[in-house]
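Engineer: here is my input; please provide its structure:
(one chain, ligands or ions: 1)
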Amino acid sequence: MAALKKNAEAYPREIGDLEKQLAAARAAVDAERTKHDELDKQRSTLEQTIAEDKDKVRKWEARLTEQRSTREYSALAREIDIAKKQQTTMAEEVVELGKQITLQRELVRQKEADFQLRTKDLVDRVEVLKGRLAEVEAQVKTVEGTRTAASKGVDGDLLRRYDSIRRKRLPALVPVISPGTCTGCRMNLRPQMYNTLVASKSVDACPSCSRMIYAAEVLDSN
Ligand SMILES: [Zn+2]
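Structural biologist: Sure, this is the predicted structure:
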């Protein structure tokens with residue numbers, strides 16, 4: 001049961017990691033789309049400014065014919081000239097922005113396509129992990145049932161000792177293998193202790209890790 005749970009521990013984390021990757025990919029697409037929208041807004045603002053400027057120039061041109069003095073006439077004509085040059089510059093900027101917007105739109109399209117691909121892949125992987133997690137949970141349930149059934153035949157004191165160790169370290173019950181190595185902590189028992197463990201066919205506590213220990217060869221010979 002401990003091994004099953006340990007295996008399953010990684011799954012929620014892996015699922016979480018994949019979901020984070022998915023969110024990051026989504027955010028990357030959104031960032032490019034925001035850039036596109038900002039460029040688009042910039043162009044609209046510029047186009048609006050050009051339209052307003054054209055109105056202004058039209059009014060100035062109408063006033064131009066009403067000018068009595070040459071000085072006022074040429075001053076206004078100069079203003080009109082400057083405004084028209086500015087309009088040309090702005091119109092060039094609009095064209096340039098249009099090019100950038102086209103490129104950016106293509107970038108968004110590519111990123112979106114990448115994202116769709118990645119999403120499919122990640123969602124598939126998350127589904128696989130969720131399936132495995134459900135499998136392990138079912139296995140744990142089965143093992144828990146077996147454990148409950150098996151514990152009915154175990155001495156009460158022994159079971160309490162086992163459970164108290166189990167809360168601190170897993171596995172709680174480990175075999176000792178010849179020539180006396182505790183498989184829980186890899187420490188060697190004194191030869192006398194190991195011999196007693198074999199002869200008594202019983203359980204004891206490992207002096208090093210406190211796990212319940214039994215001699216593997218006792219089970220092997222039975
Ligand atoms: Zn030990």
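
Engineer: distance between the top helix by length along the chain and the chain's centre?
Structural biologist: Ordering each helix of the chain by length in residues (DSSP state H) puts helix 70-151 first. Taking Cα atoms, centre = their mean, to the nearest Å, the mean C-alpha location of helix 70-151 is offset from the chain mean by 17 Å.

Engineer: which parts of whichever helix or strand comes after it are buried?
Structural biologist: Once the chain leaves helix 70-151, the next helix or strand it forms, by DSSP states H and E, is helix 156-168. By 16 or more other Cβ atoms under 10 Å, the buried positions in helix 156-168 come out as Arg161, Tyr162, Ile165, Arg166. From N, CA and C alone the C-beta is placed, and that goes for glycine too.

Engineer: tell me the one among these nearest to the ion.
Structural biologist: Ile165 (10.8 Å; Cβ to the ion).

Engineer: how much space between that closest one and Ile50?
Structural biologist: 82 Å (Cβ to Cβ, to the nearest Å).

Engineer: which other residues reach the worst-scoring helix or strand of the chain on mean pLDDT?
Structural biologist: The weakest-scoring helix or strand in the chain, judged by mean pLDDT, DSSP states H and E, is helix 216-221 (a mean of 84). Contacts of helix 216-221 with the rest of the structure, by Cβ atoms under 8 Å, 6 or more residues apart in numbering, involve Pro175, Val176, Ile177, Ser178, Thr183, Leu197, Val198, Lys201.

Engineer: circling back: does anything pack onto the longest helix of the chain? Which helices or strands?
Structural biologist: helix 2-64 (3 or more Cβ pairs under 8 Å, 6 or more residues apart in numbering; DSSP states H and E).

Engineer: report the distance from the helix it packs on to the chain centre.
Structural biologist: For helix 2-64, the distance to the chain centre is 21 Å (Cα atoms, centre = their mean).

Engineer: so for the longest helix of the chain, mean pLDDT?
Structural biologist: Across helix 70-151, pLDDT averages out at 92.

Engineer: same deal with stretch 16-27?
Structural biologist: Mean predicted lDDT for stretch 16-27 stands at 89.

Engineer: before we move on, the earlier item: list just the nearest of the contacts of helix 216-221 to Glu144.
Structural biologist: Minimum distance to Glu144 across the contacts of helix 216-221 is 22.4 Å, recorded for Pro175 (Cβ to Cβ).

Engineer: counting neighbours, what do you get for Glu93?
Structural biologist: Using other Cβ atoms under 10 Å, Glu93 has 14 neighbouring residues.

Engineer: pull up the residues of the chain that are close to the ion.
Structural biologist: By the rule Cβ under 5 Å from the ion, the part of the chain lying against the ion is Cys182, Gly184, Cys185, Cys206, Ser208, Cys209.

Engineer: pLDDT, neighbour count and secondary structure added to those residues, as a markdown table?
Structural biologist: Formatted as a markdown table, the residues of the chain next to the ion follow (pLDDT from 0 to 100; neighbours: other Cβ atoms under 10 Å; DSSP: H, G, I helix; E, B strand; the rest coil):
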| residue | pLDDT | neighbour count | secondary structure |
| --- | --- | --- | --- |
| Cys182 | 96 | 20 | strand |
| Gly184 | 94 | 22 | coil |
| Cys185 | 94 | 15 | coil |
| Cys206 | 95 | 19 | coil |
| Ser208 | 95 | 14 | coil |
| Cys209 | 94 | 16 | coil |
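
Engineer: ok, which pair from these is furthest apart?
Structural biologist: Checking the residues of the chain next to the ion with Cβ to Cβ, the most distant pair is Gly184 and Ser208, at 8.4 Å.
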